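Participant: Provided below for reference: sequence and predicted model.
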Amino acid sequence: MKVTVFGIGYVGLVQAAVLAGVGHDVVCVDIDAERVENLKKGIIPIYEPGLSALVKESADAGRLQFTTDAELGVKHGRIQFIAVGTPPDEDGSADLQYVLAVAKTIATYMVAPKIIVDKSTVPVGTADKVSDCVSAVLKERGFDLGFDVVSNPEFLKEGAAVADCQRPDRIVIGTDSPAVESKMRELYAPFNRNHEKLIVMDVRSAELTKYAANCMLATKISFMNEMANLAEKLGADIEKVRQGIGSDPRIGYHFIYPGCGYGGSCFPKDVQALVRTAEKVGYVPELLKSVEAVNSRQKEKLFTHIQAYFGGDLHGKKIALWGLSFKPNTDDMRDASSRVLMDSLWAAGAMVQAYDPEAMNEAQRIYGARSDLSLMGTKESALNAADALVVCTEWNAFKAPDFDLVKERLSHAVIFDGRNLYDPAMLEQQGIAYYGIGRGRSVLSFS
Ligand SMILES: NC(=O)c1ccc[n+]([C@@H]2O[C@H](COP(=O)([O-])OP(=O)(O)OC[C@H]3O[C@@H](n4cnc5c(N)ncnc54)[C@H](O)[C@@H]3O)[C@@H](O)[C@H]2O)c1
């Protein structure tokens with residue numbers, strides 16, 4: 001099928017590459033000319049396992065093209081995906097300007113009926129707005145063309161985005177039109193062979209499903225962080241508690257890891273956006289507001305521990321930081337906990353020596369050259385003469401370090417572990433002070 005994808009970011013590029021990978025003929029449109037030119041040369045703008053090879057294979061076969069030419073893109077696909085960003089605006093609501101700009105573009109150039117698919121995460125009611133926008137432009141042009149607007153939210157996880165798109169748990173389609181459903185079935189048939197994965201519903205329910213999914217996951221994390229903070233005060237070990245509750249199949253082990261807070265481009269903004277949506281319809285979303293508040297507090301946790309350990313004075317301290325991306329297997333640093341920590345450390349006069357397996361270029365792009373940040377080439381060099389090691393991201397590369405080397409290189413043998421990767425008893429035996437999240441001892445009492 002001929003498909004056009006507007007927005008070549010994490011979602012658009014992965015979706016386009018996966019659709020092209022099964023044989024669809026895909027044109028990707030972006031307003032970022034540099035990104036498009038790089039993609040034409042095979043330079044992938046993001047790190048995502050498996051993506052580079054998949055893009056190359058389909059681009060070489062002529063099934064995946066990149067352009068800034070919106071008119072060409074609109075003419076190409078019967079199906080037009082909107083996969084542009086929906087960042088928070090000033091009050092935390094989803095900013096729809098990019099989505100509506102694409103809707104306008106499609107309406108400006110379409111000369112045949114189109115199925116417009118909202119792939120971006122958008123508040124309930126957005127499909128109606130897209131529809132109104134397209135109708136208004138078509139009317140101005142004096143064209144009477146048929147079009148449909150479908151909600152098809154994306155559930156991929158960064159770090160496993162290609163695999164998630166190739167083998168989705170579910171494909172949610174929001175439409176009331178049997179003809180559109182049938183076209184979407186045809187599009188996704190290659191991903192729907194093992195068992196029925198399409199869940200078809202009305203547009204508004206589909207739009208809400210995406211927010212409900214992300215808010216549920218964020219709630220699980222904030223719940224565990226609340227328990228971890230309690231465990232710390234009560235002298236319990238949250239890792240034992242996690243296993244104790246995860247063993248109940250009604251709870252399960254997924255997504256109940258305590259840590260230094262969730263980040264990324266989705267959970268923080270989607271929780272906020274649903275809070276605003278709720279408030280706009282006169283509902284006070286107490287639980288969601290608390291999920292957000294607990295997470296904001298949790299992102300300060302490591303700094304509070306570090307500050308307490310050093311008796312409140314971090315001026316001139318050098319902190320080794322392992323992990324800059326918001327989670328492993330991505331270079332995405334949007335809303336990452338590492339950023340909140342670094343800002344606090346810098347404000348307190350500390351210096352940061354950081355290492356991340358994939359996010360070094362992104363960190364360079366965000367922070368440029370500053371005297372209180374050294375981006376180091378290896379995790380070992382980040383330790384050199386540092387006063388403490390802090391772990392912010394649970395990359396595999398950090399899970400079993402050489403603790404003798406860690407101890408030798410640090411000037412204070414202390415680890416602040418924001419992801420509970422290490423065994424406190426083992427580190428104690430090695431003579432390394434260890435502070436995790438909710439591991440039964442508060443830093444203050446040990447400083
Ligand atoms: N990143 C994720 O893990 C993820 C997962 C599920 C859903 N989502 C949702 O998908 C949407 C996209 O997220 P993302 O992370 O891929 O964003 P992104 O910022 O990585 O990419 C967005 C792209 O859209 C382009 N763009 C903006 N305006 C455009 C226009 N008028 N025409 C063409 N291109 C335009 C930008 O240049 C950019 O390349 C968001 O709504 C997000 O919430 C993201």
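Facilitator: Everything's here; your move.

Participant: quick one: residues contacting Ser411.
Facilitator: By Cβ atoms under 8 Å, 6 or more residues apart in numbering, the residues touching Ser411 are 318, 385-387. The way it works is simple: take the backbone N, C-alpha and C, and place the C-beta from them, glycine included.

Participant: can you rerun that using 6 Å?
Facilitator: Residues in contact with Ser411, defined by Cβ atoms under 6 Å, 6 or more residues apart in numbering, are 385, 387.

Participant: tell me which element it is part of?
Facilitator: Element membership for Ser411, per DSSP states H and E: none, as it lies in no helix or strand.

Participant: and the pLDDT for it?
Facilitator: Per-residue confidence for Ser411 comes out at a pLDDT of 95.

Participant: that one and Ala385: what is the separation?
Facilitator: Using Cβ to Cβ, to the nearest Å, Ser411 is found at 6 Å from Ala385.

Participant: now do Ser120
Facilitator: Counting by Cβ to Cβ, the separation of Ser120 from Ala385 is 46 Å.

Participant: how many residues are close by the residue of the stretch 301-447 of the chain found nearest the ligand?
Facilitator: Here the stretch 301-447 of the chain gets closest to the ligand at one residue, Asp332, 7.1 Å apart by Cβ to the nearest ligand atom. One way to gauge burial is a neighbour count; for Asp332, by other Cβ atoms under 10 Å, it gives 25.

Participant: residues touching it, list them.
Facilitator: Under the criterion of Cβ under 6 Å, 6+ apart, the neighbours of Asp332 are 158, 325-326.

Participant: report the lowest-confidence entry in the residues you listed.
Facilitator: Of all those, Glu158 has the smallest pLDDT value, namely 93.

Participant: just checking, that one touches Asp331?
Facilitator: No - the pair formed by Glu158 and Asp331 falls short of the contact definition of Cβ atoms under 6 Å, at 9.3 Å.

Participant: re the thing from before, three-state assignment of the residue of the stretch 301-447 of the chain closest to the ligand?
Facilitator: With DSSP: H, G, I helix; E, B strand; the rest coil as the basis, the three-state label of Asp332 is coil.

Participant: how about Ile199?
Facilitator: Under three-state DSSP, Ile199 comes out as strand.

Participant: cool, Ser290 as well?
Facilitator: When the structure is reduced to helix, strand and coil (three-state DSSP), Ser290 reads as helix.

Participant: how about stretch 114-128: buried residues?
Facilitator: Of the residues in stretch 114-128, those with enough neighbours to count as buried (16 or more other Cβ atoms under 10 Å) are 114-124, 126-127.

Participant: ugh, wrong one, stretch 89-102
Facilitator: For stretch 89-102, using 16+ other Cβ under 10 Å, the buried residues are 92-96, 98-102.

Participant: done for today, thanks.
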